[in-house]
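Engineer: Pasting a predicted model and its sequence here:
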Amino acid sequence: MKSQSSQYADSNLKKIPNLKWLPWIGSAYFKNNQRLLIIGESQYAQGETAIAFIEDLARLNNIDFTRNAVLQTQLEKHYKHPALDNLLKAIFGNAPVNKEKLWEEIAFYNFVQRVMDYSSFDSKKTEQPTIADFDAGWKVFVEIVKILKPTDCIFIGVSAAMPFERMMDQLNIKRTNRISHDKIGNTNPISASIEIDRQTTNISFARHSSAYFSPEEWNPFLEKQHGEIIEKLKEKIL
């Protein structure tokens with residue numbers, strides 16, 4: 001059963017222009033003074049035939065798709081979600097995580113609010129988000145932050161960071177400049193922060209964790225940027 005806070009959040013989230021998928025919000029998320037929001041990048045529709053592609057697209061167009069994906073991959077374990085699984089290893093290390101407890105405490109959504117075409121029935125497509133997609137994503141992000149009020153955000157992928165300053169200035173959001181940190185592998189981690197409704201949200205951008213990602217290499221950076229909330233979560237989930 002949803003808490004009153006989650007029900008209130010949902011009613012407001014549904015008012016956000018261009019929000020395609022409702023974020024996963026853990027049942028205990030709003031009970032925490034410090035709150036972690038994980039942000040994925042994109043959703044991909046696949047299909048080796050036109051019919052299969054249309055069916056996959058219909059599944060993706062469900063407003064609850066993100067919530068169903070967390071439920072099916074993280075809790076019911078029907079299939080794997082490599083990006084989330086690898087990022088969680090980078091956040092918490094190799095200690096066994098009680099995922100049922102973890103997903104009660106955190107929130108998650110995907111940044112780009114448009115389905116990417118990865119169909120292969122006439123040719124192999126690998127559509128990628130455009131700058132316009134990331135610009136639109138920042139507009140939605142700001143409205144989500146106003147409702148979910150995360151203290152910490154971790155992005156899966158660094159591409160969304162490119163228009164960060166420009167979009168925050170356009171939206172009149174108080175911000176710091178991006179900091180590009182020393183490379184981890186072949187990717188420079190990025191950090192920044194924003195202030196909305198007198199609350200500071202610390203933001204990190206890590207390499208996309210779906211493949212060619214080393215959780216062990218990324219753990220020190222995430223621990224440094226978000227150590228306080230990570231330790232509080234460890235007390236509940238390890």
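Structural biologist: Received it, and whenever you're ready, just let me know what you need.
Engineer: Report the distance from the longest helix along the chain to the chain centre.
Structural biologist: Secondary structure of the chain per DSSP state H: the longest helix is helix 215-237. Chain-centre distance of helix 215-237: 16 Å, with Cα atoms, centre = their mean, to the nearest Å.
Engineer: cool, stretch 229-238 as well?
Structural biologist: Distance of stretch 229-238 from its chain centroid, counting by Cα atoms, centre = their mean, is 19 Å.
Engineer: Tell me which residues of it come out buried.
Structural biologist: For stretch 229-238, the neighbour count (16 or more other Cβ atoms under 10 Å) marks 229-230, 233, 237 as buried. Heads up, the C-betas are built off the backbone N, CA and C, glycines and all.
Engineer: Contacts for it, please.
Structural biologist: Contact with stretch 229-238 is made by 32, 34-36, 91-92, 95-99, 101-102, 105-106, 151-152, 222-223, as judged by Cβ atoms under 8 Å, 6 or more residues apart in numbering.
Engineer: Likewise for stretch 146-156?
Structural biologist: Contacts of stretch 146-156 (Cβ under 8 Å, 6+ apart): 9, 12-13, 23, 25, 29, 33-41, 83-84, 87, 91, 107, 111, 145, 161, 196-197, 199-206, 208-210, 222, 226, 229.
Engineer: quick one: contacts for M162?
Structural biologist: Taking Cβ under 8 Å, 6+ apart as the criterion, M162 is in contact with 131, 134.
Engineer: For it, give its distance to Q128.
Structural biologist: Relative to Q128, M162 is positioned 13 Å away (Cβ to Cβ, to the nearest Å).
Engineer: Select from the contacts of stretch 229-238 every entry located in strands.
Structural biologist: 36, 152 (DSSP state E).
Engineer: For Q43, give me the backbone phi and psi.
Structural biologist: Main-chain dihedrals, Q43, degrees, to the nearest 10: phi -110, psi 140.
Engineer: Wait, it touches V115, no?
Structural biologist: Yes. Between Q43 and V115 a contact is recorded at 5.4 Å, counting by Cβ atoms under 8 Å.
Engineer: Give me the common contacts of the two.
Structural biologist: Shared contacts of Q43 and V115 (Cβ under 8 Å, 6+ apart): L60.
Engineer: Y118 bridge partners, please.
Structural biologist: Beta-bridge pairing for Y118 (DSSP bridges): Q46.
Engineer: just for this protein, where's the confidence low?
Structural biologist: For the chain, the stretches with pLDDT under 70 are 1-2.
Engineer: show me where it has strands.
Structural biologist: Using DSSP E, strands in the chain cover 24-25, 36-40, 43-47, 107-110, 115-119, 152-156, 174-175, 179-180, 190-196, 199-206.
Engineer: for these, which one sits closest to R67?
Structural biologist: strand 24-25 (5.0 Å; Cβ to Cβ).
Engineer: The closest one packs against which elements?
Structural biologist: Contact partners of strand 24-25 among helices and strands, from 3 or more Cβ pairs under 8 Å, 6 or more residues apart in numbering; DSSP states H and E: helix 65-70, strand 107-110.
Engineer: which strands and helices sit next to the longest one?
Structural biologist: This points to helix 65-70. The contact analysis (3+ Cβ pairs under 8 Å, 6+ apart) places helix 65-70 against strand 24-25, strand 107-110.
Engineer: If you count contacts, what does the last one end up packed against?
Structural biologist: So the one you mean is strand 107-110. Judged by 3+ Cβ pairs under 8 Å, 6+ apart, the packing partners of strand 107-110 are strand 24-25, strand 36-40, helix 65-70.
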